[in-house]
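**Q** A structural model of the following input is requested.
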Amino acid sequence: MLYNLIITKTAEGHIVDACNYYETQQSGLSDRFLTELFDACKKISSNPQHYSFISSNPKDKFRDIKLYKFPFVVIYEISGNDVIVIAVFNTHRSPMY
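**A** Purely as a prediction, here's the structure:
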């Protein structure tokens, strides 16, 4: 079953910030980031239960998938037939970002 992928405005902002940063570092690097991000989104929309919860708290509903070449995790939750991407978090930054 393929789940509907919903990306929140907050996550969209994280993606735009990351793309802007990577493009200033090297031309085309933002495209590589987006390709890897979209691959991760395809994985979670096809099998969201495969990835682990962020914490061991039984009430926790958030899961994550790590990107391979970039220091980011995609944080999401499953709600019915929807996979809702809450954040695209840079693991090299403070959680207060």
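
**Q** end to end, how far does stretch 61-72 reach?
**A** End-to-end distance of stretch 61-72: 19 Å, with Cα to Cα, to the nearest Å as the criterion.

**Q** Show me how far that stretch is from its chain's centre.
**A** Centroid separation between stretch 61-72 and its chain, computed with Cα atoms, centre = their mean, to the nearest Å, is 6 Å.

**Q** What of stretch 63-77?
**A** On the basis of Cα atoms, centre = their mean, stretch 63-77 is displaced by 5 Å from the centre of the chain it belongs to.

**Q** Which neighbouring elements make contact with the helix or strand containing Cys19?
**A** Using DSSP states H and E, Cys19 sits in helix 9-25. Counting by 3 or more Cβ pairs under 8 Å, 6 or more residues apart in numbering; DSSP states H and E, the packing neighbours recorded for helix 9-25 are helix 29-46, strand 82-90. For every residue, glycine as well, the C-beta is placed using N, CA and C.
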